[in-house]
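# Give me a 3D structure for the following:
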Amino acid sequence: MIRIAIVEDEQEYIDQLKGYLQEYQKTAGEEINVTVFRDGDGITAKYKPQYDIILMDIQMKFVDGMTAAEEIRSMDSKVIIIFITNMTQYAIRGYKVGAMDYILKPVSYFAFCERLSQAVARLKRRSSTFITISVKGGILRLDASDIYYIESQGHNLIYHTSSGDYLSSGTMKSAEEQLSKCSFSRGNKSYLINLEHVEGIQDKCAQVKGERLQLSRPRQNAFMQDLTKYWGELK
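As a prediction, this is how the structure comes out:
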């Protein structure tokens, strides 16, 4: 079952989106559970990571969608956010909070179906691979999709994850082998990057959760090919 939250203050658009989701359920054969919130404060109050996709209006009366998304993202790194707006410039700002995409009002079923299909494809691609790493005082089990990137530092590895940074002994080669079936790619000799969390490339750096990770000249082309392939498969 796919759990979807609609955050929208206009009843006309609530009804439209619910109707589109019902139609998508029939044509795609997906089971969808829908929860509606009429403002940003409704979904952020006592928020728990329980939704797969959030369809978020940006302009709302009390707590706007951008503010709500920032708060949600601080608690939930996995949920897919798709903004719905009539202002393109607001939607572009959404990439700063890791929004997958945006849909412009008035919403056509074709555009809606295209974005939703991409989101569902991303959900299905998400890794359920768990790895175990040694840390000071014991061992830790990590979901591969929660790892942003792994950094090599001397004879140790630093796992940068949604729940914090963890220092572990090991080699980059062993980490690559553990994660060979997941969407990771080497940016340079020091970074193994999870393509799921790459927000863009700028000035020969991969942008990952607000950090700029330098891509080395020898590995840049291979990394770009991996990223292009990964993004292509999400469509």
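
# the helices in this structure, which residues?
11-28, 40-44, 65-75, 88-93, 109-125, 172-178, 217-234 (DSSP state H).

# Please convert those helices to TSV, extending it with mean neighbour count and distance to Ile139.
C-beta coordinates here come from the backbone N, C-alpha and C atoms, glycine included. Putting the helices of the chain into TSV (neighbours: other CB atoms under 10 Å; distance: least, CB to CB, whole Å) gives the following:
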stretch	mean neighbour count	distance to Ile139
helix 11-28	14	40
helix 40-44	21	35
helix 65-75	20	26
helix 88-93	14	40
helix 109-125	16	27
helix 172-178	14	13
helix 217-234	14	29
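
# ranking these by mean pLDDT, which is last?
Mean pLDDT per stretch puts helix 88-93 lowest among the helices of the chain, at a mean of 64.

# looking at the helices of the chain, which is closest to Gly138?
Closest to Gly138 of those is helix 172-178 (CB to CB; 18.0 Å).

# what comes into contact with that closest one?
131, 150, 152, 157, 184, 186, 189-190, 192 (CB atoms under 8 Å, 6 or more residues apart in numbering).

# give me that answer again for 7 Å
Contacts to helix 172-178, defined as CB atoms under 7 Å, 6 or more residues apart in numbering, come from residues 131, 150, 152, 157, 192.

# out of those residues, which are buried?
Neighbour counting over the contacts of helix 172-178 (16 or more other CB atoms under 10 Å) leaves 150, 152, 157, 192 as the buried ones.

# Return the closest of those with respect to Ser117.
Nearest to Ser117 among these, with distances taken as CB to CB, is Leu192, at 29.6 Å.

# show me what contacts the residue nearest to that closest one when sequence neighbours are not counted?
Using CB to CB, 6 or more residues apart in numbering and skipping the chain neighbours, the partner closest in space to Leu192 is Ile150 (4.3 Å). The neighbours of Ile150, taking CB under 7 Å, 6+ apart as the test, are 157, 159, 175, 192.

# ok so, going back, in JSON lines: the helices of the chain, plus distance to Met56.
Output for the helices of the chain, formatted as JSON lines (distance: least, CB to CB, whole Å):
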{"stretch": "helix 11-28", "distance to Met56": "11"}
{"stretch": "helix 40-44", "distance to Met56": "8"}
{"stretch": "helix 65-75", "distance to Met56": "4"}
{"stretch": "helix 88-93", "distance to Met56": "10"}
{"stretch": "helix 109-125", "distance to Met56": "12"}
{"stretch": "helix 172-178", "distance to Met56": "35"}
{"stretch": "helix 217-234", "distance to Met56": "19"}
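
# Domain-wise, how is the chain divided?
Using automatic domain parsing, the domain ranges for the chain come out as 2-125, 130-234.

# circling back: compile the contacts of Ile150 into TSV and extend it with columns for distance to Gln225.
Below are those laid out as TSV (distance: CB to CB, whole Å):
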residue	distance to Gln225
Leu157	24
Tyr159	25
Ala175	21
Leu192	16
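
# Inside strands: which ones of the residues you listed?
Taking DSSP state E as the definition of strands, the contacts of Ile150 contribute 157, 159, 192.
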